[in-house]
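**Student:** Next come a sequence and a model predicted from it.
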Amino acid sequence: MKLVTWNVNSLKVRLQHVLDWLKENPVDVLCLQETKLSDDKFPTAEIEAAGYQVVFSGQKTYNGVAILSRHPITDVVRNNPFYDDPQQRLLAATINGVRVMCAYIPNGQAPDTEKYAYKMAWLDGLHAWLAQELKTHPQLVLLGDFNIAPEDRDVHDPAAWVGQNLVSEPEREHFKKMLAHGLKDAFRLFEQPEKLFSWWDYRMLGFRRNAGMRIDHILLSPLLAERCTACVIDKTPRKWEQPSDHTPVIATLSD
DNA sequence: ATGGCCTCGGTTCGAGGA
């Protein structure tokens, strides 16, 4: 079973990229973030025609998450029962006995801003729900755009980023707290190339300079971590015309 | 060199992203 997370930065703009990528990579579950589409505009027919079922929770202009699956999708929950949020950033569903939590964690803008405080509160709410879901779903994956680079090795230039948004200690503490639930960072279960990231700024020739960060993650419960045989980042679509600034992260689980 | 780019809405520039 292959599970993927990809922040597409507008599914309207990137639908063809998603379909092209799926054709080359017929994965089981693809979680999308930043679809930026209200539900009435969601391209359900195109995705179903590609052989995928889909559930989504969107809004106009900002945010929006979706789960595409080649297998039946059940027990869908939109948003977090423990955190009332008008922004559409969280979607959970059960697929093949695996509880899938697709998250678009707030960006946070910068420490000492209201958006950062929102990020912290949002993460507190996520911990609460995560703890409950883990009680009933030992096979659980939390994946998405975390907007957190967990360690310095996940940052192209750690010295330049000390204390800044995406790498600040309170954010990293939240990430560690997720691991304290027993979740494993799938990417770090394996030997990985150095300086491999999941996001590169559109500005400053970020991708060409490999000035990126690893902020998109797949966290596996202990039972799923045992089944994980690989986790890779696919930089291919970042090289396509008019790409998303993020690229897919793929985890493979044995049956 | 603290900017740079991209998307959206809704009209030509501001907000948000990371």
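**Tutor:** Received, thanks.
**Student:** Let me see the ranges of the helices in chain A.
**Tutor:** A:11-24, A:44-49, A:114-136, A:158-161, A:169-180, A:222-227 (DSSP state H).
**Student:** Of these, which is nearest residue A:68?
**Tutor:** Closest approach to residue A:68 among the helices of chain A (CB to CB): helix A:44-49, 6.0 Å. (Glycine included, C-beta is placed from N, CA and C.)
**Student:** so how far is the closest one from its chain's centroid?
**Tutor:** 22 Å (CA atoms, centre = their mean, to the nearest Å).
**Student:** What mean pLDDT does it get?
**Tutor:** Average pLDDT, helix A:44-49: 96.
**Student:** near DNA strand B, which residues of the stretch 51-200 of chain A show up?
**Tutor:** Residues of the stretch 51-200 of chain A found near DNA strand B (CB under 7 Å from any atom of the strand) are A:60-62, A:106-107, A:109-110, A:115, A:145, A:147, A:160, A:165-166, A:199.
**Student:** out of those, who's nearest residue A:22?
**Tutor:** residue A:145 (18.7 Å).
**Student:** does DNA strand B sit close to stretch A:230-244?
**Tutor:** Yes. On the criterion CB under 7 Å from any atom of the strand, stretch A:230-244 is in touch with DNA strand B at residue A:242.
**Student:** correction: stretch A:27-43
**Tutor:** Yes. Applying CB under 7 Å from any atom of the strand, one finds stretch A:27-43 in contact with DNA strand B at A:34, A:36.
**Student:** give me the number of residues near the nearest residue to residue A:163 once chain neighbours are set aside?
**Tutor:** Closest residue in space to residue A:163, ignoring its immediate chain neighbours: residue A:111 at 7.1 Å, by CB to CB, 6 or more residues apart in numbering. Neighbours of residue A:111 under the rule other CB atoms under 10 Å: 16.
**Student:** can you check the one 4 residues further on too?
**Tutor:** Taking other CB under 10 Å as the criterion, the count of residues near residue A:115 is 12.
**Student:** Would you mind listing the residues in contact with the nearest residue to it once chain neighbours are set aside?
**Tutor:** Leaving aside its chain neighbours, residue A:115 sits nearest to residue A:109 (3.9 Å; criterion: CB to CB, 6+ apart). With contact set as CB atoms under 8 Å, 6 or more residues apart in numbering, residue A:109 has these partners: A:115-116, A:165.
**Student:** what do you get for residue A:44?
**Tutor:** residue A:54.
**Student:** repeat for residue A:243
**Tutor:** Taking CB under 8 Å, 6+ apart, we find residue A:243 in contact with A:17, A:237.
**Student:** And the residue nearest the centre of chain A?
**Tutor:** residue A:144 (1.1 Å; CA atoms, centre = their mean).
**Student:** Residue ranges in the stretch 151-255 of chain A under the pLDDT threshold?
**Tutor:** Within the stretch 151-255 of chain A, no range satisfies pLDDT under 70.
**Student:** Pretty sure residue A:46 sits against residue A:20.
**Tutor:** No. With contact defined as CB atoms under 8 Å, residue A:46 does not count as touching residue A:20 (11.9 Å).
**Student:** and the residue nearest to residue A:46 when sequence neighbours are not counted, how far is that from residue A:45?
**Tutor:** Counting by CB to CB, 6+ apart, residue A:46 lies nearest to residue A:15, which is 6.3 Å off, once chain neighbours are set aside. As judged by CB to CB, to the nearest Å, residue A:15 and residue A:45 stand 11 Å apart.
**Student:** which of these two has more neighbours?
**Tutor:** Between residue A:15 and residue A:45, counted using other CB under 10 Å, the more crowded position is residue A:15 (16 against 8).
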